[in-house]
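A.B. asks: sequence unknown, structure follows:
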């Protein structure tokens, strides 16, 4: 039986993440009353298939800054085929493919090669604990009916770290809104991979090596890295019109053949939203992960708080979760 390796965790923007001590910050997930009920009852959070997000243009938003980035750096790239390769190979399919190399068993040295298809699932949070922009998504019959709960980035990463499946990845980080920042991010990433390719080829040349096959492998590897870089970047780019949301995202890259459905840390499943059957996956959370819950404006504070406290106690949550009322003044 093959030993299982841990799932992979990566920061979308490692430099900024390190500077801002990104894993320790608190983010907030806004949801409906029924959404909060389900999350607390099952102590899990739901990641939605990226094809089923509210903003349908989001997945293709990357093309505008990408075109501008390639215009800026195209003439300076060592591998001048990169722009054409991106045009031909980077597409808007929601499924991505990756070549996976595996040993056939723990005791065998024989390798098996296969293409593994993935899809991306997204859990959206924000750095804003009390935002009118976010509460506006939960207006029903003229009244605000919503909640948010706070949890640290690290609490989600900690839960995910127990997953033993090396073909599953978790990506996390702040969404990037400014087009100038998106362009710069793309330019830096593509140029870094291109520079690495150039340096490796120079090293081969200095050693007098003439292995054409190895050179071809280096070119192919660089192209694969660029495509993977772009696939991830598109999931953290949004139009500047949404900058007021200050979104912080968690993205799970899940194999299409992942079938865990019951009693697992990470389950694949479906829910119904506005008449549509939506694929999702759910990640179990420790009950100590949630440290605050905020009630939307106009909810009847005392009644809502009493019901919530009883529900938390009956479902085994610690008694140190703070419950707060939104401080945003709403005119009735």
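C.D. replies: Done, it's in. Just so it is clear, the structure is predicted and the values come from calculations on it, not from any experiment.
A.B. asks: hey, where'd the strands end up in this protein?
C.D. replies: Secondary structure of the chain (DSSP state E): strands located at 8-11, 26-31, 44-49, 96-103, 111-126, 139-140, 143-144, 147-152, 169-174, 247-255, 266-273, 276-284, 292-295, 322-325.
A.B. asks: okay if I get the ones you listed as a markdown table plus distance to residue 231?
C.D. replies: C-beta: built from backbone N, CA, C; applies to glycine. Converted to a markdown table, the strands of the chain look like this (distance: least, CB to CB, whole Å):
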| stretch | distance to residue 231 |
| --- | --- |
| strand 8-11 | 12 |
| strand 26-31 | 23 |
| strand 44-49 | 15 |
| strand 96-103 | 6 |
| strand 111-126 | 8 |
| strand 139-140 | 35 |
| strand 143-144 | 37 |
| strand 147-152 | 27 |
| strand 169-174 | 10 |
| strand 247-255 | 9 |
| strand 266-273 | 20 |
| strand 276-284 | 18 |
| strand 292-295 | 34 |
| strand 322-325 | 38 |
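A.B. asks: list the contacts for the residue lying closest to residue 159 once chain neighbours are set aside?
C.D. replies: Among residues not flanking residue 159 along the chain, residue 285 sits closest, at 5.4 Å (CB to CB, 6 or more residues apart in numbering). Residue 285 makes contact with 43-45, 151, 155-156, 159, according to CB atoms under 8 Å, 6 or more residues apart in numbering.
A.B. asks: ok, 10 Å please
C.D. replies: Taking CB atoms under 10 Å, 6 or more residues apart in numbering, we find residue 285 in contact with 39-40, 42-45, 151, 155-156, 158-160, 265.
A.B. asks: pLDDT below threshold where in the stretch 151-300 of the chain?
C.D. replies: For the stretch 151-300 of the chain, the stretches with pLDDT under 70 are 208-210, 261-263.
A.B. asks: all helices for it, in order.
C.D. replies: 153-161, 179-206, 212-233 (DSSP state H, counting those that start in this stretch).
A.B. asks: related to what we said a few turns ago, dump the strands of the chain to CSV, plus mean neighbour count.
C.D. replies: Shown next, in CSV, are the strands of the chain (neighbours: other CB atoms under 10 Å):
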stretch, mean neighbour count
strand 8-11, 16
strand 26-31, 22
strand 44-49, 20
strand 96-103, 13
strand 111-126, 17
strand 139-140, 12
strand 143-144, 16
strand 147-152, 22
strand 169-174, 22
strand 247-255, 22
strand 266-273, 15
strand 276-284, 17
strand 292-295, 20
strand 322-325, 14
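A.B. asks: returning to that earlier point: out of the helices of the stretch 151-300 of the chain, which gets nearest to residue 313?
C.D. replies: helix 153-161 (20.6 Å; CB to CB).
A.B. asks: Report the distance from the closest one to the chain centre.
C.D. replies: The chain centroid and the centroid of helix 153-161 are separated by 13 Å, computed with CA atoms, centre = their mean, to the nearest Å.
A.B. asks: circling back to that earlier point, ok, now how distant is the residue nearest to residue 159 from residue 83?
C.D. replies: Remark: distance between residue 285 and residue 83 (CB to CB, to the nearest Å) = 43 Å.
A.B. asks: Nearest to residue 248 among the helices of the stretch 151-300 of the chain would be which one?
C.D. replies: helix 153-161 (7.4 Å).
A.B. asks: and the direction of that closest one versus that of strand 147-152, what angle?
C.D. replies: Computed by axes from the mean of the first three to the mean of the last three CA atoms, to 10 degrees, the angle separating helix 153-161 from strand 147-152 equals 80 degrees.
A.B. asks: So which other helices or strands are in contact with helix 153-161?
C.D. replies: strand 8-11, strand 26-31, strand 44-49, strand 111-126, strand 169-174, strand 247-255, strand 276-284 (3 or more CB pairs under 10 Å, 6 or more residues apart in numbering; DSSP states H and E).
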